[in-house]
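Student: sequence? don't have it. structure:
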């Protein structure tokens, strides 16, 4: 129950997060008073008139300067608020992702039905956003048939991201799955070049190498190779890169439906992916999950309540980390998002070491350092490119 309460609180924060309003005092309100006093004064003396005129001009000058300062303060406060907002999205993205990886791996260890678990996790999101729509806490999107057709390719990519990751985590070690998925920035760069025509300087691409290499070194101690895990993780990589690029084009391109912001876009994709997954799940695993669930409970490792809670927690954290990831994607370019996704894997590995009380090797520490250094180099390279434009 404690874990559920924490997730509920974090979910509320992610749902209602909004930029902080900045306020600044402007002395322009005093201008009217100065003018009014000037007009009411009897103009019987030339010196008095000149003094009032000078005072009025000074008041206007000070007012103008004060207004400019207020505008500058507003601009600075807004920029700070936007930075804090983006940072909070990334922090929540990491936190929910850590929880998901732990709950997901525990569920897969207990039940070897990745397609069914993936479907349950995807469907759990519906329990989150539908009540928000019904209660009016979030405006429900209005979509036409053509809008759904436009979103279908993104929904297919979204399905591939999730299924690929779940299968990879079930077929091999968490560390190996994240090693393969660490190559996502490279895939993203290729997809961006092909679909968006975005070509970055070679120095930017070079900075991706230490990030991938660092994560690989950090995971080397837990390396457990299987072809199924490799193929599934690469499916997730390609699908994620395509989803990110297509989503970016959808959100910044033509208008689709009504009330389709980043959060509602992800909600609609979740509903569409659930519909797509159900027949795939039945075709690959049938209804064997139900018998396996009963067998696990009968074995004494879990109760009906605890095993159901584990599956629900996996679905809740999965939906929330992806919703926040979509919000983060709307704030940065796809490559930056992919780099953040790579560094996130280091954090997940460290969190897994702490959660399962396994010692962290020297290689993991060195790898994490290299990956973080690579991120710094990437940021510097991107800033250099922006300045040169």
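Tutor: Great, that's in hand. Just so we're clear, the structure is a prediction, and the values are computed from it rather than from any experiment. Numbers count the residues shown, from 1 in each chain.
Student: From here on, just use CA atoms for contacts and neighbour counts.
Tutor: OK.
Student: For residue 298, grab phi and psi.
Tutor: Note on residue 298: its backbone torsions stand at phi -70, psi -30 [degrees, to the nearest 10].
Student: Spatially central, which residue of this structure would that be?
Tutor: Centrality entry for the chain: nearest residue to the mean C-alpha point is residue 325, 1.3 Å, by C-alpha atoms, centre = their mean.
Student: Return the per-residue confidence for that residue.
Tutor: At residue 325, the model reports a pLDDT of 79.
Student: my read: it touches residue 93, true?
Tutor: Yes: in this structure, residue 325 is within contact of residue 93 by C-alpha atoms under 8 Å, at 5.7 Å.
Student: Of all the residues in stretch 136-155, which ones are buried?
Tutor: Buried residues in stretch 136-155, defined by neighbour count with 16 or more other C-alpha atoms under 10 Å: 138, 140, 141, 148, 151, 152, 153, 154, 155.
Student: Nearest to residue 304 among those?
Tutor: residue 155 (32.0 Å; C-alpha to C-alpha).
Student: Leaving out the residues flanking it, which one is nearest to the closest one?
Tutor: Distance criterion C-alpha to C-alpha, 6 or more residues apart in numbering; nearest residue to residue 155, sequence neighbours excluded, is residue 269 at 5.1 Å.
Student: got a list of what residue 258 touches?
Tutor: Shown in contact with residue 258 (C-alpha atoms under 8 Å, 6 or more residues apart in numbering): 141, 142, 143.
Student: can you put those residues in CSV and add pLDDT?
Tutor: Shown next, in CSV, are the contacts of residue 258 (pLDDT from 0 to 100):
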residue, pLDDT
141, 94
142, 93
143, 93
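Student: Can I get those residues in a markdown table including secondary structure and distance to residue 205?
Tutor: Formatted as a markdown table, the contacts of residue 258 follow (DSSP: H, G, I helix; E, B strand; the rest coil; distance: C-alpha to C-alpha, whole Å):
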| residue | secondary structure | distance to residue 205 |
| --- | --- | --- |
| 141 | coil | 38 |
| 142 | strand | 40 |
| 143 | coil | 38 |
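Student: ok, those vs residue 375, which is closest?
Tutor: Lowest distance from residue 375 to those (C-alpha to C-alpha) belongs to residue 141, with 36.6 Å.
Student: Just flag the most distant two among the buried residues of stretch 136-155.
Tutor: Farthest apart among those - using C-alpha to C-alpha - are 138 and 153, which lie 25.0 Å from each other.
Student: My guess is residue 111 contacts residue 293. True?
Tutor: Yes: at 7.1 Å, residue 111 counts as touching residue 293 under the criterion of C-alpha under 8 Å.
Student: re the thing from before, in terms of secondary structure, what does the helix or strand where the residue nearest to residue 155 lies contact?
Tutor: Residue 269 belongs to helix 262-285 when assigned by DSSP states H and E. Applying 3 or more C-alpha pairs under 8 Å, 6 or more residues apart in numbering; DSSP states H and E, one finds that helix 262-285 contacts helix 114-124, helix 126-134, helix 145-171, helix 304-329.
Student: how far is whichever helix or strand comes after the longest one from where the chain is centred?
Tutor: Proceeding N to C from helix 145-171, the next assigned helix or strand is helix 174-181, under DSSP H and E. Between the centre of helix 174-181 and the centre of its chain there are 19 Å (C-alpha atoms, centre = their mean, to the nearest Å).
Student: which is the next helix or strand following helix 174-181?
Tutor: Downstream of helix 174-181 (by DSSP H and E), the next one is helix 184-191.
Student: What is that next one packed up against?
Tutor: When contacts are defined as 3+ C-alpha pairs under 8 Å, 6+ apart, helix 184-191 sits against helix 227-252, helix 334-355.
Student: Can you name the residues in contact with the shortest one?
Tutor: Contacting residues not belonging to helix 334-355 are listed as 94, 97-98, 101-102, 174-175, 178, 181-185, 188-189, 208, 211-212, 215, 218-219, 244-245, 248, 328-329, 359-360, 368, 371-372, 375 [C-alpha under 8 Å, 6+ apart].
Student: Check the spacing between residue 195 and residue 311 real quick.
Tutor: Between residue 195 and residue 311 the computed distance is 37 Å (C-alpha to C-alpha, to the nearest Å).
Student: Between these two, tell me which one has more neighbours.
Tutor: Comparing residue 195 with residue 311 by other C-alpha atoms under 10 Å, the one with more neighbours is residue 311, at 20 against 12.
Student: list the contacts for that one?
Tutor: Residue 311 neighbours (C-alpha under 8 Å, 6+ apart): 103, 104, 107, 117, 120, 121.
Student: how about those, which pair is most distant?
Tutor: Farthest-apart pair in those is 103 and 120; separation 13.0 Å (C-alpha to C-alpha).
Student: In terms of neighbours, single out the busier of these two.
Tutor: residue 103 (21 against 18).
Student: what pLDDT, on average, does the helix or strand hosting the more buried one get?
Tutor: Using DSSP H and E, residue 103 falls within helix 46-110. Here the mean pLDDT over helix 46-110 is 69, rounded to a whole number.
Student: which residues are contacting the helix holding residue 269?
Tutor: Here helix 262-285 has contacts from 113, 115-116, 119, 122-123, 125-126, 129, 140-141, 151-152, 154-156, 158-159, 251, 322-324, 326-327, 330, using C-alpha under 8 Å, 6+ apart.
Student: What subset of these is buried?
Tutor: The buried subset of those - by 16+ other C-alpha under 10 Å - is 113, 115-116, 119, 122-123, 125-126, 129, 140-141, 151-152, 154-156, 158-159, 322-324, 326-327, 330.
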